[in-house]
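Undergrad: Quick one, what's the 3D model for this:
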Amino acid sequence: MLFLSTAQLTADDPDIQQDVYRWDATNGLELVSAAAPGGLHNGATNGAAFSGDDQAIFLTSSAQLTANDPDTLNDVYLWREGAGLQLISEAAPGCLHNGASSNPSGSFDGSAATFYST
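TA: Residues are numbered from 1 along each chain as shown. Reported below is the predicted structural model:
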């Protein structure tokens, strides 16, 4: 199960910004939108979706959840159990990261994604 909440439902949720949580019978409740090492939990997460096989989660957040997110514009992240978060709306080398990204959709196994970017 995947859901959004502004409540601090786990000890690692530092604020009352909207976050993505995942619950399953094996692991219980887990904060998916937790900042990775070097990242900041400084914004809200406003959408998430499972891959078709439920092994990956694509989410949109204004927080700088990874160290390579340069701003507080909405970005798209990929989360996998055991691997954590990866920024997937990162600008290509030589390009500017100067717009927001949203509406992620992933392939069945989570190996590819599409999203909007402005």
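
Undergrad: Next up, identify which helix or strand Gly38 is on.
TA: When secondary structure is defined using DSSP states H and E, no element contains Gly38, which sits outside every helix and strand.

Undergrad: Look at Pro70 and say how many residues are nearby.
TA: Burial of Pro70 is recorded as 14 neighbouring residues (other CB atoms under 10 Å). Quick note: C-beta positions are derived from backbone N, CA and C, even for glycine.

Undergrad: no no, Ala35
TA: Residue neighbour count, defined by other CB under 10 Å, stands at 21 for Ala35.

Undergrad: can you check Cys95 too?
TA: By other CB under 10 Å, 8 other residues sit near Cys95.

Undergrad: From Leu85, how far off is it?
TA: 21 Å (CB to CB, to the nearest Å).

Undergrad: Ser61 too?
TA: Relative to Leu85, and taking CB to CB, Ser61 is found at 9 Å.

Undergrad: can you give me the strands in the protein?
TA: With strands called from DSSP state E, the chain shows them at 2-5, 19-24, 28-31, 45-50, 56-61, 75-80, 84-87, 101-106, 113-117.

Undergrad: Appreciated, that's everything.
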